[in-house]
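Q: Provided below are the primary sequence and the corresponding predicted coordinates.
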Amino acid sequence: MKYWLMKSEPQVFSIDDLEKAKNQTTFWDGVRNYQARNFIRDEMKVGDKVIFYHSNSEPPAAAGICEIVKEAYPDFTAFDPDNPHFDPKSKIDSPAWFMVNVKFVKKFSTIVPIEEMRNNKKLINMQLLKRGNRLSVMPITKSEFDEIVKLGK
DNA sequence: GCCAACGTTGGC
DNA sequence: GCCAACGTTGGC
């Protein structure tokens, strides 16, 4: 089993939105970066655990946990010219972009702000904290996952 | 609101 | 294939 961290802007889609979603499940659409796409398409498996991270929020923070419940399939929002994530490069018979379904597991009783992660020796190697990081989907280790869960409670 | 860092685009 | 210009991300 692998462990991941996925970013979402809470004003667009938050951990609360996931908790309230039908079956507490949603499709993770809109990833338009090749490195992130490759993680989604090639490495995410059902049962993998994911830290749900709130980016562009005050404060930016890990907010909870979800898990992969459906492996990669074409991101259909790329096919829809009216969708903000539309990408004419992605064709139905040769999709460029993929998504997975995730299911709510828990919301942290205490969010874990990025600053707290920066100050934690066990977390300092995470790609999230690397200078200039813009990746929205990234792998983390089991010990990093466990440490964040411990802090978030 | 600012701006550094980064990925993508397009002219050559 | 290079690289300058541009748009976006996302912390601060």
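A: That came through fine. A quick note: this is a predicted structure, and the numbers were derived from the prediction, not measured.
Q: Let me know whether stretch A:74-93 sits next to DNA strand C.
A: No - residues of stretch A:74-93 contacting DNA strand C under Cβ under 7 Å from any atom of the strand: none, with a closest distance of 9.1 Å. Every residue, glycine included, has its C-beta placed from N, CA and C.
Q: Tell me how many other residues crowd the residue of chain A found nearest DNA strand C.
A: Nearest residue of chain A to DNA strand C (Cβ to the nearest atom of the strand) works out as residue A:60 at 3.4 Å. Here the number of neighbours of residue A:60 (other Cβ atoms under 10 Å) works out to 19.
Q: Now for it: which residues touch it?
A: Residue A:60 sits next to A:53, A:54, A:113, A:114 when contact means Cβ atoms under 8 Å, 6 or more residues apart in numbering.
Q: I'd guessed the second one sits against residue A:6; true?
A: Read it as residue A:54. No - proximity of residue A:54 to residue A:6 does not meet the contact threshold set by Cβ atoms under 8 Å, at 10.6 Å.
Q: ok so, going back, I'd like to know how far the residue of chain A closest to DNA strand C sits from residue A:128.
A: 9 Å (Cβ to Cβ, to the nearest Å).
Q: is the longest helix along chain A anywhere near DNA strand C?
A: Taking DSSP state H as the criterion, chain A has its longest helix at helix A:142-152. No - against DNA strand C, helix A:142-152 shows no contacts by Cβ under 7 Å from any atom of the strand, the least distance being 14.1 Å.
Q: Check which helices and strands that helix sits against.
A: On a contact count with 3 or more Cβ pairs under 8 Å, 6 or more residues apart in numbering; DSSP states H and E, helix A:142-152 meets strand A:3-8, strand A:49-54, strand A:61-74, strand A:98-113.
Q: Can you pull the residues of chain A lying near DNA strand C?
A: A:7, A:9, A:32, A:55-57, A:60, A:114-115, A:118, A:133-136.
Q: now those residues: which count as buried?
A: Taking 16 or more other Cβ atoms under 10 Å as the criterion, what is buried in the residues of chain A next to DNA strand C is A:7, A:32, A:55, A:57, A:60, A:114, A:135, A:136.
Q: Save these as TSV, and put in distance to residue A:43 too.
A: Shown next, in TSV, are these (distance: Cβ to Cβ, whole Å):
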residue	distance to residue A:43
A:7	17
A:32	18
A:55	21
A:57	27
A:60	25
A:114	24
A:135	14
A:136	15
